[in-house]
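Trainee: have a look at this fold, sequence not included:
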């Protein structure tokens with residue numbers, strides 16, 4: 001089992017720019033622990049596949065995040081005012097990339113140049 005970045009004390013997005021949909025979803029997970037655990041497990045599952053590059057992982061996760069937001073919005077009061085169903089699709093890529101950094105395995109150390 002790998003140690004996630006969350007174990008290193010990272011919590012809310014600090015220097016990450018999230019749109020209002022991404023931020024609302026992340027804030028909702030801060031209050032809904034079962035939802036947050038589900039997405040932490042989803043990230044762990046996705047990052048176990050070493051064949052996919054990080055960009056592909058983020059895009060796969062991003063599509064699931066949008067579907068999740070559209071599905072949860074009518075049922076969660078904190079998300080209801082977003083009304084994503086009437087919109088064309090909004091990117092959730094920043095949140096997906098942030099989740100991979102936060103809950104995925106720590107990055108491998110870079111090899112020193114010239115050795």
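Mentor: Received, thanks. Computed from a predicted structure; not experimentally measured.

Trainee: C-alpha from now on. contacts and neighbour counts both.
Mentor: Noted.

Trainee: element containing residue 56, please.
Mentor: Following DSSP states H and E, one finds residue 56 within helix 54-72.

Trainee: tell me the buried residues in the helix or strand hosting residue 38?
Mentor: Using DSSP H and E, residue 38 sits in helix 33-47. Within helix 33-47, the residues that count as buried by 16 or more other Cα atoms under 10 Å are 36, 39-40, 42-44, 46-47.

Trainee: now the angle from it to helix 54-72?
Mentor: 150 degrees (axes from the mean of the first three to the mean of the last three Cα atoms, to 10 degrees).

Trainee: for the helix holding residue 56, name the packing helices and strands.
Mentor: Contact partners of helix 54-72 among helices and strands, from 3 or more Cα pairs under 8 Å, 6 or more residues apart in numbering; DSSP states H and E: helix 93-103.

Trainee: how far away is the spatially most central residue of the chain from residue 61?
Mentor: Nearest residue to the geometric centre of the chain (Cα atoms, centre = their mean): residue 99, 3.1 Å. Separation of residue 99 from residue 61 (Cα to Cα, to the nearest Å): 9 Å.

Trainee: for residue 54, same thing?
Mentor: Distance, residue 54 to residue 61, by Cα to Cα: 11 Å.
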